[in-house]
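*Asks:* Show me the folded form of this:
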Amino acid sequence: MRLYIDPMKDEPVFQQLIDQVKQAMVSGVLSPGDKLPTVRECAADLLINPNTVQKAYQELIREGLIYSRKGMGNFVAPFGDERQKTMRQAELQRLLDAFWTEARLSGYSKQEIRELINQFIDRGGEHE
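*Replies:* Numbering: from 1, shown residues only. This next block holds a predicted model:
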């Protein structure tokens, strides 16, 4: 799994890390039991403060998505089909929220957005 930071985003760096780990879990890139990069490795790779990585990992632990084993690192927690479904729905909601915000800030009306989404779905998600 490759993490990255988008410095142009308004979203805090620790939240970007949290979202990326969740997205990797939802998409199957990360599976239960997989080891995450250490705090130091992640911080060095991304050129960010280790405290930022630690804050993201602590939040993921609090949410029960990862667990820490002293001296061994952080690992993806086991999750069942229902939890993965819930995570997938939350990820899709996050993406839709971001899309909606960007579209509205770009001046699109609700009707224009609805029409474009319907056209996109009718094409099977393919670009024209």
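*Asks:* How much space separates the residue nearest to Val21 when sequence neighbours are not counted from Asp19?
*Replies:* Counting by Cβ to Cβ, 6 or more residues apart in numbering, Val21 lies nearest to Leu60, which is 5.9 Å off, once chain neighbours are set aside. Any C-beta I mention is one placed from the backbone N, CA and C, and that applies to glycine too. In this view, Leu60 and Asp19 are 10 Å apart by Cβ to Cβ, to the nearest Å.
*Asks:* One more: Glu41?
*Replies:* 19 Å.
*Asks:* quick revisit: tell me which element the residue nearest to Val21 is part of?
*Replies:* Assigned by DSSP states H and E, Leu60 belongs to helix 50-62.
*Asks:* now swap in Ala90 and tell me
*Replies:* For Ala90, the host element (DSSP H and E) is helix 81-105.
*Asks:* Now tell me what touches the helix or strand just after that helix from outside.
*Replies:* Beyond helix 81-105 on the C-terminal side, the first helix or strand identified by DSSP H and E is helix 110-122. The list of residues contacting helix 110-122 from outside it, by Cβ atoms under 8 Å, 6 or more residues apart in numbering, reads 100, 103-104, 108.
*Asks:* Phe79: which of those residues is nearest?
*Replies:* Trp100 (27.6 Å; Cβ to Cβ).
*Asks:* Not counting residues beside it along the chain, what's closest to the closest one?
*Replies:* Computed as Cβ to Cβ, 6+ apart, the closest residue to Trp100 that is not its neighbour in sequence is Ile113, at 7.3 Å.
*Asks:* Any idea how many residues pack against the one you found?
*Replies:* 15 (other Cβ atoms under 10 Å).
*Asks:* What number of neighbouring residues does Val29 come out with?
*Replies:* 13.
*Asks:* can you pull the contacts of it?
*Replies:* Each residue near Val29 by Cβ under 8 Å, 6+ apart is listed here: 1, 23.
*Asks:* 6 Å instead, please
*Replies:* Counting by Cβ atoms under 6 Å, 6 or more residues apart in numbering, Val29 makes contact with Met1.
*Asks:* Kindly give the local confidence score, pLDDT, for it.
*Replies:* You'll see Val29 listed with a pLDDT of 92.
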